[in-house]
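# sequence plus the predicted model coming up.
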Amino acid sequence: MRWIFGVLAVIVSQTTILASEVVVLGDVHIRVADSYSGTAFFTIDSSPDSSAWKKVDFSIGMSFLSMNVYQILPGIGESVMEVRYGDQNESWLIHPSQFQATRSKRFANTLTDAGEVDLSPMPIIRMLLNRMDQLDIEKTSESTNGSVTLRISDATGASAGYSEIDVLDGKIVEYRANKIKDKFLVVVEYGGWAQLPSGEHIPTLNVSKIRSTDLVGNMLIQTVQIEDVSENEISYKPEKPQITPNMTIVDHIEGVTKADGEVIAPIQYGQQSPKPQVPSTTDSGKQASKLFIWLGVGFVVIAGIVLGTRTKAAN
Amino acid sequence: MPVRLFRNLALWSIGGIWALAGVSKLYGLLSGTSVDQQATWASSFPNSLMVTIAILECVIALLIFARFHWVPLIAGSVLLSAFLVALWIWPMEYQQPCGCFGKIELFHTIDPVSKIIVFGGLNTLAAALTWVCQYPKGTNKKEHPEMLSA
């Protein structure tokens, strides 16, 4: 049985109970802790060394997020990869080792930031609470164990595609997004549900699966273990990251680039704006990579032939 | 003569690649003026380590252009092996650029392991050609016993 929830948006209610948020979609209730902090450890499942390679100190809430991302270097320590911060006013992305910072409206526009969905279903709840009038939501299946699958799509037609969530006992247990040819590119399974002192539950053992857009190759599967979780006070808000004077700031809100606190130049989009990084998983990249491998093997074979013949022409 | 020419071509190619990698890394580390780009795999390591590697790459290039052959070829092989080991221990993030050439987007769509394989192959070929030039057929003392008494 399929129920169209889009037209029922008016009956959607948002209720704040102590430190939790409740989304009511017809007979489906979804709850999540309102604001909490913790540390996430990322482990690549296919890696021969199963130890965590990335650590994220995070603090997330309905109206903000803060993530300090570190690469774990076994035997050496930790290296800061990036710092992310977002609220309704501004978002910051900082690469301390490159002395670069970017200020934008990313969180205000998207209600999340890169990687947050691996930590928590909080971005989905944010979207449901804040953008309900722009969403079409329909229940596509209901299993015997009580699990319900909801399909979420853009009612405005501004973006194609849709995402799906599985809800069981008021918890989002799986999130799927970016479907191409019957395959989702992003799948996050939320597990290891732990109860906080307030009685709310949060996931502490997630599995993140990412597939390349060409659908070739295996999915990148990472286990996300969340530790040292603590609930935040209702009034809690993380501090904005520190910007050191020697950083170059690309300020997309003001439309300028700054260095040493001074405006250098306006951002000229299309000319000086950041070039999109072409991932190594593009078709041309893969073909070039294969060509490089064959070229390398060819060099070694020629080296073997040269050594084998020890040509007199050397003189 | 052709062998010497091919050897020189291989060595100059390797020298050019090391010089480009070293100088572009140093420039990227010291300038810090570009607009925001995605954090590279290389940038996740401490700056002191990256500066050391960039300097090593420059030294290898200089030695090659100064016509020292074996030391830079062996050093280059060791450095490439170290990169492979590092990629295995600390794998790159999904779709993360490697930063092998600093901020220069040279070969940036190519998998770093493939780059290491082709540079390693070129290194091996240069070593083979250098060996043949240094010890051409006819200098093997086993093949010419009279040289033993010389």
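Ah, there it is. No experiment lies behind these values; they were computed from the predicted model shown. Residues are numbered from 1 along each chain as shown, chains lettered A, B, ... in the order given.

# all contacts plus neighbour counts: C-alpha atoms, from now on.
Will do.

# now do the helices in chain B.
B:2-31, B:47-65, B:70-89, B:112-134 (DSSP state H).

# could those helices go into TSV alongside distance to A:Glu233?
Output for the helices of chain B, formatted as TSV (distance: least, Cα to Cα, whole Å):
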stretch	distance to A:Glu233
helix B:2-31	41
helix B:47-65	38
helix B:70-89	39
helix B:112-134	46
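
# not counting sequence-adjacent ones, nearest residue to A:Gln222?
Leaving aside its chain neighbours, A:Gln222 sits nearest to A:Ile44 (4.4 Å; criterion: Cα to Cα, 6 or more residues apart in numbering or on different chains).

# can you check A:Pro123 too?
The nearest residue in space to A:Pro123 (Cα to Cα, 6+ apart) is A:Thr112, at 5.6 Å.

# and the one you found, its phi and psi?
phi -160, psi -170 (degrees, to the nearest 10).

# pull the number of nearby residues for it.
25 (other Cα atoms under 10 Å in any protein chain shown).

# measure the nearest residue to A:Arg106 once chain neighbours are set aside to A:Thr102 for me?
Spatially, and ignoring its direct neighbours in sequence, A:Arg106 is nearest to A:Ser91 (5.8 Å; Cα to Cα, 6+ apart). To A:Thr102, A:Ser91 is 8 Å away according to Cα to Cα, to the nearest Å.

# same thing with A:Val301?
Counting by Cα to Cα, the separation of A:Val301 from A:Thr102 is 48 Å.

# for the chain, which spans come out with low pLDDT?
If you meant another chain, say so; for now it's chain A. A:1-21, A:46-49, A:156-161, A:214-215, A:267-285, A:311-315 (pLDDT under 70).

# try chain B instead
B:1, B:31-39, B:93-96, B:103, B:105-106, B:137-150.

# point me to the residue of chain A nearest chain B.
For chain A and chain B, the shortest gap (Cα to the nearest Cα) falls at A:Gly296, measuring 3.7 Å.

# ok, A:Ile226 - contacts?
Contacts for A:Ile226 (Cα atoms under 8 Å, 6 or more residues apart in numbering or on different chains) come out as A:38-41, A:119, A:203-205.

# change it to 6 Å
A:39-40, A:204 (Cα atoms under 6 Å, 6 or more residues apart in numbering or on different chains).

# partner residues bridging it?
With DSSP bridges as the criterion, A:Ile226 is bridged to A:Ala40.

# equivalent analysis for A:Ser79, please.
Where A:Ser79 sits in a bridge, its partners, by DSSP bridges, are A:Gln71.

# so what's the residue count around it?
A:Ser79 - counted by other Cα under 10 Å - has 20 other residues nearby.

# residue contacts, the residue lying closest to A:Asp166 once chain neighbours are set aside?
Nearest residue to A:Asp166 in three dimensions, chain neighbours excluded: A:Thr149, at 4.4 Å (Cα to Cα, 6+ apart). Taking Cα under 6 Å, 6+ apart as the criterion, A:Thr149 is in contact with A:139-141, A:165-166.

# out of those residues, which are buried?
A:139, A:165-166 (16 or more other Cα atoms under 10 Å in any protein chain shown).

# what's the angle between the longest helix belonging to chain A and helix B:112-134?
Secondary structure of chain A per DSSP H: the longest helix is helix A:283-309. Taking axes from the mean of the first three to the mean of the last three Cα atoms, to 10 degrees, helix A:283-309 and helix B:112-134 form an angle of 20 degrees between their directions.

# any idea how far helix A:283-309 is from the chain center?
Distance, stretch centre to chain centre, for helix A:283-309: 37 Å (Cα atoms, centre = their mean, to the nearest Å).

# relative to A:Val173, how far out is the closest residue to the residue of chain A closest to chain B other than its chain neighbours?
The shortest distance from A:Gly296 to any residue other than its chain neighbours is 3.7 Å, reached at B:Val118 (Cα to Cα, 6+ apart). The spacing between B:Val118 and A:Val173, counted by Cα to Cα, is 45 Å.

# kindly report the same for B:Arg4.
Plainly put, B:Arg4 is 66 Å away from A:Val173 if you go by Cα to Cα.

# of those two, which one has the most company?
A:Val173 (20 against 17).

# that one in helix, strand or coil?
Secondary structure state of A:Val173, per DSSP: H, G, I helix; E, B strand; the rest coil, is strand.

# if I look at the residue nearest to the spatial centre of chain A, how far off is A:Leu93?
Computing the C-alpha centroid of chain A and ranking residues by Cα atoms, centre = their mean puts A:Gly115 first, at 2.1 Å. To A:Leu93, A:Gly115 is 13 Å away according to Cα to Cα.

# and if you look at B:Ile110?
Taking Cα to Cα, one finds B:Ile110 at 26 Å from A:Leu93.

# now for residue 68, how many residues are close by?
Chain wasn't specified; assuming chain A. Neighbour tally, A:Asn68, other Cα under 10 Å: 19.

# nope, chain B please
The burial count for B:Phe68: 13, using other Cα under 10 Å.

# report the separation between it and B:Cys98.
29 Å.

# which residue does chain B bring closest to chain A?
B:Val118 (3.7 Å).

# isn't that residue right up against A:Gly298?
No. In this structure, B:Val118 is not within contact of A:Gly298 by Cα atoms under 6 Å, at 8.8 Å.

# looking at the two, which has the bigger crowd around it?
B:Val118 (23 against 16).

# host element of the closest residue to A:Tyr175 other than its chain neighbours?
In space, and not counting its chain neighbours, A:Tyr175 is closest to A:Ile165: 4.6 Å by Cα to Cα, 6+ apart. If you go by DSSP states H and E, A:Ile165 is part of strand A:162-168.

# nearest residue to A:Ser153 in space, please, no chain neighbours.
A:Tyr162 (4.4 Å).

# look up how far A:Ser35 lies from that neighbour.
Counting by Cα to Cα, the gap from A:Tyr162 to A:Ser35 is 27 Å.
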